[in-house]
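Trainee: Below are the sequence and a predicted model for it; my questions follow.
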Amino acid sequence: MSPWWQSFFDHDYLSIWDQVFPAETNQTQAGALWSMLGLQPGCCLLDAPCGWGRLSLPLARLGAVVLGVDQSETMIATADQRRGDLPPDRLRYLRHDLRQPLLESGFDVALNVFTSFGYGTEDEDLAIFRTLHDAVRPGGRVLVETNHRDLMCAFIARGSKFSLRLPDGTLFLDEAQFDSLSGVSRLNWYWHGPRGSGEKHADWRCYTPTQILTLLQRAGLQFQSAFSGFSNAPFKAEGPEAGGRLAVVAIRPE
Ligand SMILES: C[S@@+](CC[C@H](N)C(=O)[O-])C[C@H]1O[C@@H](n2cnc3c(N)ncnc32)[C@H](O)[C@@H]1O
């Protein structure tokens with residue numbers, strides 16, 4: 001049987017998350033990445049996975065030369081349709097399974113943003129991080145931005161449920177169930193609104209920040225810094241969100 005994530009990232013997924021991340025939010029996040037990483041026009045970026053190119057596009061507009069990679073046909077086709085007037089020497093997209101090495105390398109930075117690993121086994125996550133390691137040049141960096149177990153446990157401890165009213169009026173709800181022994185969270189998404197109703201289910205392996213750093217190290221990367229989400233603020237496990245989302249920067253040794 002094919003793993004869930006090979007069919008999960010489809011038009012239904014897009015119609016929800018495209019509303020959560022409108023162009024202005026994506027521009028703001030791209031700007032934050034630019035500043036966190038001290039990027040310069042002409043730098044070579046790998047956005048992997050890139051989804052529908054929500055960050056690849058504004059990063060290319062800021063002056064980076066971007067390759068966006070994703071396994072989903074829908075995501076890559078949508079990203080390509082939305083590329084606007086950016087020529088292929090500034091922005092390209094490739095459909096590829098990141099568990100396998102890329103044929104291209106020498107990137108200055110590789111991005112893995114919005115909780116884009118933890119979909120299969122730990123060995124598969126390691127394979128994805130190795131692909132990112134091999135794709136950046138010696139001295140190049142890998143940024144991983146993600147939800148994590150401390151944040152999720154803080155959320156559970158507050159008795160919170162994740163729900164959203166989307167701009168088109170759709171009500172979106174996630175009734176997740178976390179198995180703290182396996183470390184896997186079962187995501188149960190339900191939505192109802194003017195475009196229709198539906199549900200989706202997924203199993204997400206939820207690592208602690210420590211485990212994420214260990215995986216990066218096992219992939220040959222050295223920890224450099226950690227930020228609280230898309231910000232220049234250092235990551236600290238404090239407050240009701242246990243530090244919030246984690247953005248780790250790791251470097252491929254020279
Ligand atoms: C949560 S989305 C995030 C996408 C993008 N980084 C963003 O910020 O919108 C996760 C993406 O990972 C892609 N993905 C999952 N496993 C993959 C794999 N093994 N190889 C390539 N892409 C993968 C999915 O197709 C999906 O588009």
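Mentor: That came in fine, so what should we check first?
Trainee: Just the strands from the protein, written as ranges.
Mentor: 44-47, 65-70, 91-95, 107-112, 136-146, 162-165, 171-174, 177-179, 184-193, 196-205, 222-228, 246-251 (DSSP state E).
Trainee: what's the angle between the fifth one and strand 222-228?
Mentor: Orientation of strand 136-146 against strand 222-228 (axes from the mean of the first three to the mean of the last three CA atoms, to 10 degrees) gives an angle of 30 degrees.
Trainee: what pairs with strand 136-146, and is each one parallel or antiparallel?
Mentor: strand 107-112 (parallel), strand 246-251 (antiparallel) (DSSP bridges).
Trainee: Which of those sits closest to residue 211?
Mentor: When these are compared by CB to CB, strand 246-251 sits nearest residue 211, at 11.2 Å. Quick note: C-beta positions are derived from backbone N, CA and C, even for glycine.
Trainee: Mean neighbour count, the strands paired with strand 136-146: which tops it?
Mentor: Most buried of the strands paired with strand 136-146 by mean neighbour count (mean count of other CB atoms under 10 Å) is strand 107-112; its value is a mean of 25.
Trainee: and residue 57, which of the strands of the chain is closest to it?
Mentor: strand 91-95 (6.9 Å).
Trainee: ok, and does that closest one reach over to the ligand?
Mentor: No: judged by CB under 6 Å from any ligand atom, strand 91-95 stays clear of the ligand, getting no closer than 8.4 Å.
Trainee: One more: stretch 187-207?
Mentor: No: if you take CB under 6 Å from any ligand atom as the test, stretch 187-207 misses the ligand, and the best it gets is 9.6 Å.
Trainee: Distance of the nearest residue to residue 37 once chain neighbours are set aside relative to the ligand?
Mentor: Closest residue to residue 37 apart from its sequence neighbours, by CB to CB, 6 or more residues apart in numbering: residue 109 at 5.9 Å. Look at residue 109 and the ligand: by CB to the nearest ligand atom, to the nearest Å, they are 14 Å apart.
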